[in-house]
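J.: task: produce atomic coordinates for the following.
(2 chains)
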Amino acid sequence: MASATLRHTVWILRGNPLTAVAAAGVVLLILIAIFGPSIVPYDPIASNVSQALAPPSAAHLAGTDQLGRDTFSRLVVATRLDLVIAVSAVGISFVLGAVIGAFCGYAGGRLDRAVGRFVDVMMAFPLFVLAMAMVAALGNRVENIVIATAIINLPFYIRFARAEVNVRRNVGWVEAARAGGESNFSVVLRFLLPNVLPAMAVQMSLNLGWAILNAAGLSFIGLGVRPPTPEWGIMVAEGARFISTGKWWLVAFPGLALMLAVLCFNLLGDGMRDILDPRMRT
Amino acid sequence: MSSLPALFGVLVFTFLLMRVLPGDPAVFFASGPNAGKEEIEVIRKQMGLDKPVPQQLLLYLYDVGRGNLGRSLMTGQAVTTDLRDRLPASLELTLTALLIALVSAIPLGVLAALKPGSVIDHGVRLFCALGVCVPTFVSGLLLIYVFYYLLGLAPDPTGRIDVFTSLPPSRTGFLTIDFLLAGDLDGWWAAFRQLILPAATMALFVIAPLARITRASMLVSLGSDFVRTARSVGLSWWRIVVTYALRNAILPVITIAGIVFSTMLGANVLVEKVYSWPGVASYALDALLSSDYAPVQGFVLLMASIFVVVNLLVDVLYGIADPRVSI
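T.: Model prediction:
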């Protein structure tokens, strides 16, 4: 079984080398998040007005901003904050969503239908607006960006876990576990959830990109992260003031960083889905 | 109709939003932070804040039912008035964007489905993969850079219209339509030039899901028996693709278009900020950043109501496209 999966994985990767590239990209992002702050050439917060708004050059790879801060250093340092926000938000909604969804899917009945209906409606609501309002209500802090992003992600996980558990609730090994005297609680947590996890991990990877965009959007409009903290969304917001005078690098490079991060997570998620379930390929 | 409970949920949510917010609203509405204790107590009574929370909720629902959404501290006007003034700008932008997205996504999806594996197919796929990765605020700013700064084709990206242009009599609130009704073609062109960049920005973000779903559902319908039959009796290619295949493939596209529209309502916030577009989202955002909460509440409610209306509309369209579905 394991070797078959491995062979299948290799086969998929050969047919779709993009997945391998995306995986390498994600690893690189994580390394940058860990080691970035100690290897950057300039202090990301130190201003140097004599060098303000300099275009990209050998000394400043991505140019400098209105205070003369090195954009490249700020980009690298921002990776950690952006990833931490996205990963913790997705982590929270993953854990909560998996547990709530699994219990609903296992229990079935009226509660399950009510939750299902609620989740469907939630998913179609303008979620960004909801996140905005939540950050406003909870207070304009980074933790609350995480909470808001986690809550608007929650419906996707609940729905997913619910559907996956629902199709498995009456299969042989679940009945066997029940017959063996396992409580409903332990059937869900020890038997059903571990079976659902791989599929949910794929969902998580696809979702991470979305969470990054969402968090960056919130800080772009001035919620959550405050200047001078380097963060991709806020860097774009600061650069926006100079775009109509042609200072493209202040927007283009943070935008590129966002795009590449999201692209890596999306491609990795797509590739992992192909490995798990080749029929889902589009 | 299943979205009506959601509207109620949002009502309760916005109510709670107002109640759990940091700071006492009574102090807020009093003359200032150094207002006397008695004065605050009086305002508290006036606003009904001394009553138990469930009763406050009922009062709030009653107010909303009468169309009273409170007063904005920022503009000094009733929130309903402010929202009514600014809604047409947002709707004009969003609807134009949806139109652009549909007009470009459906042909792209159909082309990709007609020749799977071809250059067009891969191109569309690449475009879709990249399209969902670029944040709207970045693509908007880059479009400004290219079309305003480099090429000089677009006007100054602030607002709906040049301050020096005389406005047409307001009939629909949609500037492009009002200018046409007034017969002012120069004005129409000016308004159109302001509109096209923000609308394109918003469209770029949603073309990907629309094109992808069109391609997937066209592939299914092109591979079905009725298309094979139509082909075997020698119907024209155009007729097969458009009348038979596309009509059957359009249902999932309609469903996705509903979801896309609500994504766009959210994206409005970002696009309106980038282009200083005087719509409801930028109004709510300004209010939010200056701790003026009544407009935010009103905005979330307005979005929820639009969302309910759009869902109904999707159901109706679904019924028109597929007569088997009755509503």
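J.: ramachandran angles for the closest residue to B:S290 other than its chain neighbours?
T.: Setting aside the residues directly before and after it, B:S290 is nearest to B:M74 in space (Cβ to Cβ, 6 or more residues apart in numbering or on different chains), at 5.9 Å. All C-beta atoms are positioned from the backbone trio N, CA, C, and that covers glycine. As for B:M74, its main-chain torsions (degrees, to the nearest 10) stand at phi -70, psi -50.
J.: from what I can see B:M74 touches B:D292, true?
T.: Yes: if you go by Cβ atoms under 8 Å, B:M74 and B:D292 touch, sitting 4.8 Å apart.
J.: the more surrounded of the two?
T.: B:D292 (19 against 16; other Cβ atoms under 10 Å in any protein chain shown).
J.: how far away is the more buried one from chain A?
T.: 10 Å (Cβ to the nearest Cβ, to the nearest Å).
J.: again with B:Q77
T.: 20 Å.
J.: show me what contacts that residue?
T.: Counting by Cβ atoms under 8 Å, 6 or more residues apart in numbering or on different chains, B:Q77 makes contact with B:R71.
J.: distance from the helix or strand encompassing A:A211 to the middle of the chain?
T.: For A:A211, the element it lies in under DSSP states H and E is helix A:193-220. From the chain centre to the centre of helix A:193-220 is a distance of 4 Å (Cα atoms, centre = their mean, to the nearest Å).
J.: flag every buried residue along that helix.
T.: A:193, A:196, A:199-200, A:202-220 (16 or more other Cβ atoms under 10 Å in any protein chain shown).
J.: likewise for stretch B:155-163?
T.: If you call a residue buried by 16+ other Cβ under 10 Å, then stretch B:155-163 has these buried ones: B:155, B:157, B:160-161.
J.: for the residue nearest in space to the middle of chain B, what are its contacts?
T.: Among the residues of chain B, the one closest to the centroid is B:L265, at 2.7 Å (Cα atoms, centre = their mean). Shown in contact with B:L265 (Cβ under 8 Å, 6+ apart): A:126, A:129, B:94, B:303, B:306-307.
J.: go through the one helix or strand it maps to and flag the buried ones.
T.: B:L265 is part of helix B:247-274 when elements are defined by DSSP H and E. The neighbour-count check on helix B:247-274 (16+ other Cβ under 10 Å) flags B:248-251, B:253-274 as buried.
J.: any part of stretch A:14-24 near chain B?
T.: No: between stretch A:14-24 and chain B, judged by Cβ under 8 Å from any Cβ of the partner chain, nothing touches; the nearest distance is 9.2 Å.
J.: contacts made by that stretch with the rest, please.
T.: By Cβ under 8 Å, 6+ apart, the list of residues contacting stretch A:14-24 reads A:12-13, A:263-268, A:270-272, A:274.
J.: which secondary structure element contains residue 81?
T.: You didn't pick a chain, so chain A it is. Short version: A:L81 belongs to helix A:71-107, going by DSSP H and E.
J.: oops, chain B please
T.: Applying DSSP H and E, one finds B:T81 within helix B:79-114.
J.: so which other helices or strands are in contact with that helix?
T.: helix B:119-131, helix B:175-181, helix B:185-222, helix B:247-274, helix B:280-289, helix B:293-321 (3 or more Cβ pairs under 8 Å, 6 or more residues apart in numbering or on different chains; DSSP states H and E).
J.: any idea of the mean pLDDT in the fifth one?
T.: This means helix B:280-289. Averaged across helix B:280-289, pLDDT comes to 85.
J.: kindly report the same for stretch A:268-281.
T.: 70.
J.: same check on stretch A:243-257?
T.: Rounded mean pLDDT across stretch A:243-257 is 85.
J.: stretch B:223-238 now?
T.: Stretch B:223-238 comes out at a mean pLDDT of 83.
J.: that stretch near chain A anywhere?
T.: No: judged by Cβ under 8 Å from any Cβ, stretch B:223-238 stays clear of chain A, getting no closer than 14.6 Å.
J.: look at the closest residue to chain B within the stretch 101-250 of chain A and say how many residues are nearby.
T.: Nearest residue of the stretch 101-250 of chain A to chain B, counting by Cβ to the nearest Cβ: A:F128, 3.2 Å away. If you count neighbours by other Cβ under 10 Å, A:F128 ends up with 27.
J.: which parts of chain A are helices?
T.: Here chain A has its helices, by DSSP state H, at A:2-15, A:17-39, A:71-107, A:109-124, A:127-138, A:142-168, A:172-179, A:184-186, A:193-220, A:232-240, A:249-276.
J.: got the residues of the stretch 51-200 of chain A near chain B?
T.: Applying Cβ under 8 Å from any Cβ, we find that the stretch 51-200 of chain A lies next to chain B at A:117-118, A:120-130, A:132-133, A:136-137, A:139.
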